[in-house]
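S.K.: dropping the sequence and predicted coords here.
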Amino acid sequence: MKIKGIFFDVDGTLVCHDKGRISENTLKALYALKEKGIRLFLATARHITELKELQIDFPFDGYVLLNGQLCLNAQKQILLANPIEGHDQKQLASLFSTCAFPMVLVERDRLYINTVTPQVIQAQTAISSKVPPVSSYNNDPFYQCTAFIDEEQAHRLSQTLEDCTITRWNPYGVDIISAQGGKFKGIQAMLAYYDIDVSETMSFGDGQNDMEMLQYTKVGVAMQNADPVVCQVADFVTKSAGEDGIVYALKKYKLI
């Protein structure tokens, strides 16, 4: 099996939040893959500014950001941009402005929240991130919305949206993106740009927003710390992020 491109989720996959960073063993493995000519990509719900906060400065070949809504090449040039539009944009902007519940709007160059609660602080702490600054919506395009709501609220919200999907990443938090997007859409754009066939790909993830990615790539690897439903769709379940699960799987597949 020839692997030419590997996609990595960040939270709970590349970064173990007990440590708050990429481990030295995982970094060594990434550089070893680069030396073999394998293209390496991030595929995350994160914004590019958050990667700096997490001190992720490895030279990736591309960035599938905001669950595939905004994709950048190695030089941070846009390959794909898919903002939330129409009815759903208006609905989410209205909920944000009225502070119906805590919400983060994610634009190309900034992300900001409408109000802060203890649940917001707890959720952000769990992913080693600061709470975004409080600000108001100024009618610029946004690519993702993060809502800090429970399951019942998420269900009610889903009934009001026409063309968005909701995926949970924390007991308190969900990501909302256009139904036309998703990590696998971003991966398709990245593969076309670098002329890599999907049969030559591998991916690592742990959250429900990684499931399509794990199923789409040739080899999908779930972390041991992944949600049980994620493990069910993976080709292989490796050790946890805290146990250098990426390194373990790469050795199993004889890539390092």
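M.R.: Right, received. Where do you want to start?

S.K.: helices of this structure, residue ranges please.
M.R.: Assignment of helices within the chain using DSSP state H yields the ranges 24-35, 48-53, 86-97, 118-126, 151-160, 183-194, 211-216, 228-233, 245-252.

S.K.: looking at the ones you listed, which is nearest to Pro133?
M.R.: helix 48-53 (11.2 Å; CB to CB). (C-beta placed from N, C-alpha, C; glycine too.)

S.K.: got the contact list for Ser136?
M.R.: 97, 114 (CB atoms under 8 Å, 6 or more residues apart in numbering).

S.K.: re the thing from before, any chance of TSV for the helices of the chain, columns mean neighbour count and mean pLDDT?
M.R.: TSV is the format used below for the helices of the chain (neighbours: other CB atoms under 10 Å; pLDDT from 0 to 100):
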stretch	mean neighbour count	mean pLDDT
helix 24-35	15	96
helix 48-53	15	85
helix 86-97	16	96
helix 118-126	16	92
helix 151-160	12	95
helix 183-194	21	93
helix 211-216	22	94
helix 228-233	14	94
helix 245-252	20	97
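
S.K.: redo the ones you listed as CSV? Include distance to Val64.
M.R.: Output for the helices of the chain, formatted as CSV (distance: least, CB to CB, whole Å):
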stretch, distance to Val64
helix 24-35, 16
helix 48-53, 11
helix 86-97, 21
helix 118-126, 22
helix 151-160, 24
helix 183-194, 4
helix 211-216, 8
helix 228-233, 17
helix 245-252, 17
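
S.K.: list the contacts of the residue positioned nearest the centre of the chain.
M.R.: Per CA atoms, centre = their mean, the C-alpha nearest to the average position across the chain is that of Thr44, at 1.9 Å. Thr44 sits next to 9-11, 51, 63-65, 67 when contact means CB under 8 Å, 6+ apart.

S.K.: can you add distance to Glu107 and give those back as a markdown table?
M.R.: Listed next are the contacts of Thr44 as a markdown table, based on distance: CB to CB, whole Å:
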| residue | distance to Glu107 |
| --- | --- |
| Asp9 | 22 |
| Val10 | 19 |
| Asp11 | 21 |
| Leu51 | 16 |
| Tyr63 | 16 |
| Val64 | 17 |
| Leu65 | 12 |
| Asn67 | 15 |
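
S.K.: just the buried subset of the residues you listed, please.
M.R.: The neighbour-count test (16 or more other CB atoms under 10 Å) marks 9-11, 51, 63-65, 67 as buried among these.

S.K.: out of the helices of the chain, flag the one nearest Ala222.
M.R.: Taking CB to CB as the measure, the helices of the chain were each checked against Ala222, and helix 228-233 came out nearest at 4.7 Å.

S.K.: counting by contacts, list what the closest one packs against.
M.R.: Packing partners of helix 228-233 (3 or more CB pairs under 8 Å, 6 or more residues apart in numbering; DSSP states H and E): helix 211-216, strand 219-222.

S.K.: from the middle of its chain, how far away would the shortest one be?
M.R.: Relative to its chain's centre, strand 219-222 lies at 15 Å (CA atoms, centre = their mean, to the nearest Å).

S.K.: same thing with stretch 7-21?
M.R.: Relative to its chain's centre, stretch 7-21 lies at 11 Å (CA atoms, centre = their mean).
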